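Peer 1: below are the sequence and a predicted model; questions follow.
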Amino acid sequence: MTNAKTYTLGTLAELLQVELIGDPDCVIDGLATLQQASPGKLGFLSNPSYAKQLSNCKASAVIIAPRHIEACKLNKLVSETPYVIYARASQLFDNSPSASNTVHSTAVVNEYAELADDVSIGPNAVIEADVVIGPGSNIGPGCIVGEGSLIGEGCQLYSNVTIYHRVKLGNRVVIHSGAVIGADGFGFAFDGEKSVKIAQLGSVQIADDVEVGAGTTIDRGALDDTVIEQGVKIDNQVQIGHNCIIGAHSVICGCVAIAGSVVIGKYCVLGGASGVVGHIRIADRVKVSAMSLVSQAIDTAGTYSSGTGIMETARWKKNIVRFRQLDDISKRLRSMENTKKKTPE
Amino acid sequence: MTNAKTYTLGTLAELLQVELIGDPDCVIDGLATLQQASPGKLGFLSNPSYAKQLSNCKASAVIIAPRHIEACKLNKLVSETPYVIYARASQLFDNSPSASNTVHSTAVVNEYAELADDVSIGPNAVIEADVVIGPGSNIGPGCIVGEGSLIGEGCQLYSNVTIYHRVKLGNRVVIHSGAVIGADGFGFAFDGEKSVKIAQLGSVQIADDVEVGAGTTIDRGALDDTVIEQGVKIDNQVQIGHNCIIGAHSVICGCVAIAGSVVIGKYCVLGGASGVVGHIRIADRVKVSAMSLVSQAIDTAGTYSSGTGIMETARWKKNIVRFRQLDDISKRLRSMENTKKKTPE
Amino acid sequence: MTNAKTYTLGTLAELLQVELIGDPDCVIDGLATLQQASPGKLGFLSNPSYAKQLSNCKASAVIIAPRHIEACKLNKLVSETPYVIYARASQLFDNSPSASNTVHSTAVVNEYAELADDVSIGPNAVIEADVVIGPGSNIGPGCIVGEGSLIGEGCQLYSNVTIYHRVKLGNRVVIHSGAVIGADGFGFAFDGEKSVKIAQLGSVQIADDVEVGAGTTIDRGALDDTVIEQGVKIDNQVQIGHNCIIGAHSVICGCVAIAGSVVIGKYCVLGGASGVVGHIRIADRVKVSAMSLVSQAIDTAGTYSSGTGIMETARWKKNIVRFRQLDDISKRLRSMENTKKKTPE
């Protein structure tokens, strides 16, 4: 990890607004796990099961909860929420390439597009007519922003993002490379011989502080818009069908497939590679485990799963044969039970 | 929904070739669902379970089947297939940005490429040597069309589509952003120590009226071509392996994974996130439900599924433990049944 | 299949270092399966179940194992590993467009990038500051290579590949279109109200001879790097989360989803659309079947599966109802068995 940024512990405590126990002049040049930390690094203890690593830890300081202070002889940044403080600290050490705040000479910006003064547009990006881009936004190389789309303040589009026409992004939206926002929803009417295209007349609205992963696709609506509410975090290669509404602060892990017209509540978590069938509603604070299929509406908060556990294929093959017979097995058991009841013992 | 296009009902009836009951001069400025329609909008009743929404519907007119005429006091466009008429009407109201019919100055078109007069090539698109593009086709910004590929008439490639070399597209093919057509099939021979690359010498043929979704990948064949037949509709993030043949008018929903050398019949529907193992054949008119794995050939039309339903994780965990024991459970039940038969009651 | 390259059988035998039985002057102009071969083609017999096709095969020659020599009247290239020889032969007949060995005039190469003399950079590619690209590497049209990334010798990046900043590729790495290497890992700390971004300070290291499929995403690490070891082959639309380590020579089939911090051994095979939950370790030489979820660590080589087989939906529906009752069914069976033991027969 190349990392040019350094801070004294005193400065870090101030920036992160946490208590410092130890040397304020100690210089920190990066973050590390307890196990891999070397001198100069700031570690963190979030999961208590790693507390035993404190004794051998070579970090110069540790972000730690009050209850672990006694166990730690190193410099300490103390917080009830060490993982959140680690997250904030990581942003201080972020050394991603900085924005140019200029429009590259090879970018193609339509004369009817409206760009705030400090917007960055990378090489070979294309900004179509009637696009509006707010202050501080950074459009990476090779991005295409379609006609009439609106991009708020402080947004970050990494390279090769595609935004179709009339899409709306709020402020501080982050979109990773290869993502496609506003492609046609998958709508066809079958006329008995062939599929007749249903023009997708809606668009996509993405609210403030949403992050969209690499290769993720969010389709435009058929009539109304597809809506991603505030603070939603979407990982890579997620597919969100037309007219879905994803509730605020929900987290959609990688490779999730959500069919059309699904309404997902707030603070939900869809595990990796899970799926949701179309036209259903999921309540607030529902968690779905990895690779589960939500095959019907869920109206109560909780954790849900489908599928089977992993096992050796030889054993699995025997069991799936029985799975095919499961209804029969159940009926035979019931029959035995009934016989038994009638039989005096 | 921004929508500049308007039609009188009389004009719509003519264009859609359906019967009008009501005011031919009524002006329609868009489409809407029955529930959300406001004056000026054209609604449609396709699913009979929404018929009760007719009474409060604020639309100016409704596309409706003859059997629902009595229940509807609004202006009516009457058809036995309201959903198909809605699809056709949606195309009339489509206000996607129109093609330029020119080659943008920043496009890189090889001198040995052959473009029909009215072809549109967007900014920063790249057209390699020996490419042929037919009349009326529209190649979006940032698309790459590889050496020797052929694109028919009236095709639409949205932004950032990648077409490898020697791929053939028929007429009216639509490809959404981020799709990749003709990358190498996944072929390696393991020599005991490492994987030896099998050069993928075939290509991809896509027939007329095929639509390909955003982020979808269709690999080139190892020796022969991968073939997508006429009228097939493919949603986003679908993977189609080398040497597959997808039968005419089949529908492949989002995130489907199809391994190599699969032959799929005509008029099939593969549900979202379903999968198909390699080297098998699926008959015509097979439907596969969401997230099912087609683990063996299917030779009869019908609907097929795999997986388990969704349930609360606590309950699911108990059941998957039993799934691991299922073969044992089945044998124990058989054993009890056998004992019982031998035991006089 | 267009194919301009031809070889005599004698030359092929020499290049492939195998024994020739037959006419060294016979001219071969391509490869084909036994069934579809026409004169001029070189076939191959790898799977013994196709041996019966030898009798009607129209190929001019066949790659064949010693034990099948007697059954074959055609010219023969003899090897104990016909499939590996076929793979090598396919490379001889590869007629993909060749590299230009020049930097296209529309490519945007930063003045602080360092390119070997014979590097090819395609139209509209963007090479950022401090990038180093080794001899013989070929960067396709529309590719973006981010600041400080290193690309070794003889690499091939097809069109529209995105490489983020400070990514390291070894030698002879092949990356297909639409792939994204080095996007942010999916890391957030939930502060009770919202997700706080964890800056992803690591990067991605890809070793020699790795191939990455179209649309695949490999995320950069949170603190340390994500690592793809030597000779790994990754198919299309695979997602590899931050801080994974994929062991040398493993094969990851299409649409696999691997969560963060997974360590996969050497010579593993993950079947298509399978998944792996986060923070687990998989031993060397583990095979996972298609669409299985690896829900826990696997410490022994072998083949593993999850899920259920495919069946008609009507039957499946009955069985999944019983799956929900499986724990109950198991307990009832145990109860019956216990009763029986106590009952004198």
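Peer 2: That came through fine.
Peer 1: would you check that A:R315 makes contact with B:R324?
Peer 2: Yes. Counting by Cβ atoms under 8 Å, B:R324 is a contact partner of A:R315 at 7.3 Å. No exception for glycine: its C-beta is placed from N, CA and C like everyone else's.
Peer 1: hmm, who's touching stretch A:55-66?
Peer 2: A:9, A:18, A:22, A:26-28, A:32, A:34-35, A:37-45, A:54, A:71-72, A:74-82, A:85-86, A:89 (Cβ atoms under 8 Å, 6 or more residues apart in numbering or on different chains).
Peer 1: spatially nearest residue to the residue most central in space within chain A (excluding sequence neighbours)?
Peer 2: By Cα atoms, centre = their mean, the mean C-alpha position of chain A lies nearest to A:I234, the distance being 2.8 Å. In this structure, A:I234 finds its nearest non-sequential neighbour in A:I252, 4.5 Å apart by Cβ to Cβ, 6 or more residues apart in numbering or on different chains.
Peer 1: and the one you found, how far from C:F186?
Peer 2: 10 Å (Cβ to Cβ, to the nearest Å).
Peer 1: may I see the buried residues of stretch A:112-126?
Peer 2: A:113, A:115, A:119-126 (16 or more other Cβ atoms under 10 Å in any protein chain shown).
Peer 1: C:D191: which of the residues you listed is nearest?
Peer 2: A:S120 (29.0 Å; Cβ to Cβ).
Peer 1: tell me the pLDDT at the closest one?
Peer 2: Looking at A:S120, its pLDDT reads 98.
Peer 1: next one: A:T2
Peer 2: So A:T2 comes in at 47 (pLDDT).
Peer 1: just A:R324 next, same as before
Peer 2: 90.
Peer 1: kindly report the same for the one 3 residues further on.
Peer 2: At A:D327 the predicted local confidence, pLDDT, stands at 92.
Peer 1: hang on, isn't A:A37 packed against A:F44?
Peer 2: No. Taking contacts as Cβ under 8 Å, A:A37 lies outside contact range of A:F44: 9.4 Å.
Peer 1: the more surrounded of these two?
Peer 2: Neighbour tally, A:A37 and A:F44, criterion other Cβ atoms under 10 Å in any protein chain shown: the higher count belongs to A:F44, 26 against 23.
Peer 1: beta partners for that one?
Peer 2: Beta-bridge pairing for A:F44 (DSSP bridges): A:I63.
Peer 1: for A:I298, same thing?
Peer 2: Bridge pairing for A:I298 - DSSP bridges - gives A:I282.
Peer 1: my guess is it meets A:S306, correct?
Peer 2: No. Between A:I298 and A:S306 there is no contact under Cβ under 8 Å: 11.6 Å.
Peer 1: overlap in contacts, these two.
Peer 2: In contact with both A:I298 and A:S306: B:I310, using Cβ under 8 Å, 6+ apart.
Peer 1: part of a strand, is A:D327?
Peer 2: No. With DSSP: H, G, I helix; E, B strand; the rest coil as the criterion, A:D327 is assigned helix and is not in a strand.
Peer 1: for it, give me its contacts.
Peer 2: C:315, C:318-319, C:321-322.
Peer 1: so which of those comes closest to chain B?
Peer 2: C:V321 (7.8 Å; Cβ to the nearest Cβ).
Peer 1: for the stretch 1-150 of chain A, what lies in contact range of chain B?
Peer 2: Taking Cβ under 8 Å from any Cβ of the partner chain as the measure of proximity, the stretch 1-150 of chain A contacts chain B at A:106, A:108, A:124, A:126, A:128-129, A:142, A:144, A:146-148.
Peer 1: ChimeraX command for the buried members of the residues you listed?
Peer 2: Only the buried entries of these go into this ChimeraX selection, using 16+ other Cβ under 10 Å:
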select /A:106,108,124,126,128,142,144,146,147,148
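Peer 1: may I see the residues of the stretch 1-150 of chain A next to chain B organised as a markdown table, with distance to C:A207 added?
Peer 2: Listed next are the residues of the stretch 1-150 of chain A next to chain B as a markdown table, based on distance: Cβ to Cβ, whole Å:
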| residue | distance to C:A207 |
| --- | --- |
| A:T106 | 33 |
| A:V108 | 38 |
| A:N124 | 30 |
| A:V126 | 35 |
| A:E128 | 41 |
| A:A129 | 46 |
| A:G142 | 27 |
| A:I144 | 33 |
| A:G146 | 39 |
| A:E147 | 43 |
| A:G148 | 45 |
